[in-house]
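> Structure for this input, please:
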Amino acid sequence: MVYPIDENIYQGGIPCLEYLTSEQAELINKNSNTVKFNKKDIVFKQNTRTSHVMFVQSGLIKIYKEGRNKKVIIFKIVTPGHFLANISIFGEDTFRYSASAIENAEILFIDIACFKEVMEQNGRFAILLIQLLSADNLYFFDKLMAQNQKQLPGRVADIILYFSKQIFNSNSFEFPMSRTELAELAGTTKESFIRTLTEFKNDKIIDIEGKNVKINSLNIIETLSKLG
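Purely as a prediction, here's the structure:
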C-alpha cells in the first residue's frame, strides 16, 4: 500500500535532513512515498535495478543474499530510523542482495535521481550520508571477520548481543526470526545454532523459552563474543 508522506516527517526521523534548505526538503517531499509491507513481503530482490533511496520508518527489515544451491546468508537487520541498501544504491544501479520484512513495516521511498541532485547541491548533507555509508561498510567488514575467525559460541553470542543491544536495547527480548534465519545470520546451520543455544541455557548463561530470551550473565555473553 502506497500513500504520500506528510511533510512533518522532516521534523525528525530521517538523519541529515535538518541540513537541507526548505526548497531541497520540498523537492524530496514531492518525490517520496511511504510503502507499507506485511510480514515476509519482499522489499527488493538482488539483481534488480535500483530506483529509490529507502528509509525504514517502522518495522524490521532483513538484508540477505542468496548464493549457490539457494544457500542464504543474512547480513544484518535494519531498524527504524536507518537507510536501507546504502551500498547498492550509491555503488551501482543494481542490488547485490535482497531485503524482506521480518514484521509489518513502513518504508519511505525517495526517487534516487532527486536524492542525488540534492546531494550535489548540498555538500554537508552529502558528507553526512557518506559517513552513514562508511558505517555500513565497517559493519560488513566486522561481520566478515567475525564469521571467519570466531568459533560457534562466539558467533551465537554475537547474535544474542546484536538483538539485545542494537535491536531491542534490553536483556530480555523475543527473537523476531525463525531458528533457520538466526542460523543464517550467524553463518551456521540451524542444528548447530539450536545446540549452542541449548548449551547456553544448560550453563544458565541465558533462559530461553520458544523465541523468548533472557540474558542471565551479560558478562559471559560479552566475553564469549570478544574471545570468539
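> how about the strands in the protein?
Using DSSP state E, the strands assigned to the chain run over residues 2-4, 32-37, 42-44, 52-58, 61-66, 72-78, 82-84, 98-101, 105-111, 172-174, 206-209, 212-215.
> For the fifth one, give me every contacting residue.
Identification of contacts with strand 61-66 by CB atoms under 8 Å, 6 or more residues apart in numbering yields 43, 46, 72-78, 84-85, 96-102, 105, 107, 177, 181, 184-185. Glycine gets a C-beta too; all of them are placed from N, C-alpha and C.
> Give the buried residues for that strand.
61-64 (16 or more other CB atoms under 10 Å).
> Repeat that for the last one.
Buried residues in strand 212-215, defined by neighbour count with 16+ other CB under 10 Å: 213, 215.
> Adjust the sequence numbering to begin at 141 for everything that follows.
Sure thing, new numbering starts at 141, so read that last one as strand 352-355.
> Tell me the strands beside it, with direction?
Neighbouring strands of strand 352-355 in its sheet, by DSSP bridges, are strand 312-314 (antiparallel), strand 346-349 (antiparallel).
> The spatially most central residue of the chain pairs with what?
In the chain, the centroid-proximal residue (CA atoms, centre = their mean) is V218; its distance is 2.0 Å. Beta-bridge partners recorded for V218 (DSSP bridges): I201.
> Give me the distance between it and N359.
29 Å (CB to CB, to the nearest Å).
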